[in-house]
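A.B. asks: sequence? don't have it. structure:
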């Protein structure tokens, strides 16, 4: 598995769901060459969220294509049944939704035993107290800033305060905070200012033809710099 982390500052994690799947290898190569820190793979089952995306074969294909760390974001019911399969497919981080895990402690322990890093995600209306007791078991926390299921949605501003409160709660624990949903140059700065350390971005990275410029613009915006200026 690829090492997760190792870069300084904000990490950019392009969401593969927004790429052209007919050119999957080229699309992955373009964002890796463009400076992406990791890749975000949204797994949807049509039950936990109203959409279906992809499964193990795509993760295996992406794993063969890149050395970047891969995060499998499981928007599925009963994720425990598939944790070890996602790890075997090549996921370095496996993120489950607190809302889908009645036995979250057991699920996170299963992820860690699989050899992957454990992440937990919270939908916009799910309070932080839902994961308070699980903090010793997680290395990544994802705050959803859209209602999960579809790309291209607008950023939910009220979630910024949740990110800010979460950053205070996890300070000193070495836990990454990821913001997922509606991330672009207009929202990156506010997310990072609130405490986000990873930005999952789909159309804002895979939409432009120049992926390197898109990633650099997003990174500069995240640090409060003019995204259109040269570094």
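C.D. replies: Happy to help now that I have it. Everything quoted here is computed from the prediction, not taken from an experiment.
A.B. asks: the strands in this protein, which residues?
C.D. replies: 11-14, 39-44, 70-75, 93-97, 117-122, 140-144, 176-180, 198-201 (DSSP state E).
A.B. asks: Quick one: these as CSV, columns for distance to residue 155, mean pLDDT and mean neighbour count too.
C.D. replies: C-beta: built from backbone N, CA, C; applies to glycine. Below are these laid out as CSV (distance: least, CB to CB, whole Å; pLDDT from 0 to 100; neighbours: other CB atoms under 10 Å):
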stretch, distance to residue 155, mean pLDDT, mean neighbour count
strand 11-14, 16, 98, 27
strand 39-44, 16, 98, 25
strand 70-75, 17, 98, 28
strand 93-97, 19, 98, 28
strand 117-122, 15, 98, 23
strand 140-144, 11, 98, 25
strand 176-180, 9, 98, 24
strand 198-201, 11, 98, 28
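A.B. asks: Just put those in TSV and tack on distance to residue 154.
C.D. replies: Formatted as TSV, the strands of the chain follow (distance: least, CB to CB, whole Å):
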stretch	distance to residue 154
strand 11-14	19
strand 39-44	17
strand 70-75	19
strand 93-97	21
strand 117-122	18
strand 140-144	13
strand 176-180	13
strand 198-201	14
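A.B. asks: closest to residue 87 out of those?
C.D. replies: Residue 87 sits nearest to strand 93-97 of all these, at 6.6 Å, using CB to CB.
A.B. asks: my guess is residue 71 meets residue 37, correct?
C.D. replies: No: counting by CB atoms under 8 Å, residue 71 does not reach residue 37; the two are 10.6 Å apart.
A.B. asks: okay, and the common contacts of these two?
C.D. replies: With contacts taken as CB atoms under 8 Å, 6 or more residues apart in numbering, residue 71 and residue 37 have residue 13 as neighbours in common.
A.B. asks: How about residues contacting stretch 41-50?
C.D. replies: 15-17, 51-55, 58-59, 62, 70-77, 86, 91, 97, 99-100, 148-150.
A.B. asks: what does stretch 101-117 give?
C.D. replies: 1, 4, 79-80, 83-84, 86-87, 91-94, 96, 98, 118-120, 131, 133-134, 137-140.
A.B. asks: repeat for stretch 80-94
C.D. replies: 1-4, 38, 41, 43, 56, 59-60, 62-63, 69-72, 74, 76, 101, 103, 106-107, 110-111, 114-119, 139-140.
A.B. asks: how about that stretch: buried residues?
C.D. replies: Judged by neighbour count using 16 or more other CB atoms under 10 Å, the buried positions of stretch 80-94 are 80, 82-84, 86-87, 89-94.
A.B. asks: Can you add distance to residue 220 and give those back as TSV?
C.D. replies: As requested, the buried residues of stretch 80-94 are exported to TSV (distance: CB to CB, whole Å):
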residue	distance to residue 220
80	40
82	37
83	36
84	39
86	33
87	34
89	34
90	31
91	29
92	26
93	25
94	30
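A.B. asks: Which stretches in this protein count as helices?
C.D. replies: Along the chain, counting by DSSP state H, helices occupy 24-33, 56-65, 83-89, 104-113, 159-170, 188-194, 203-206, 211-222.
A.B. asks: Ok, which of those comes nearest residue 124?
C.D. replies: helix 159-170 (5.5 Å).
A.B. asks: Run through who's touching the closest one.
C.D. replies: Contacts for helix 159-170 (CB under 8 Å, 6+ apart): 122, 124, 128, 132, 135, 141, 143-145, 177, 179, 190-191, 194-196.
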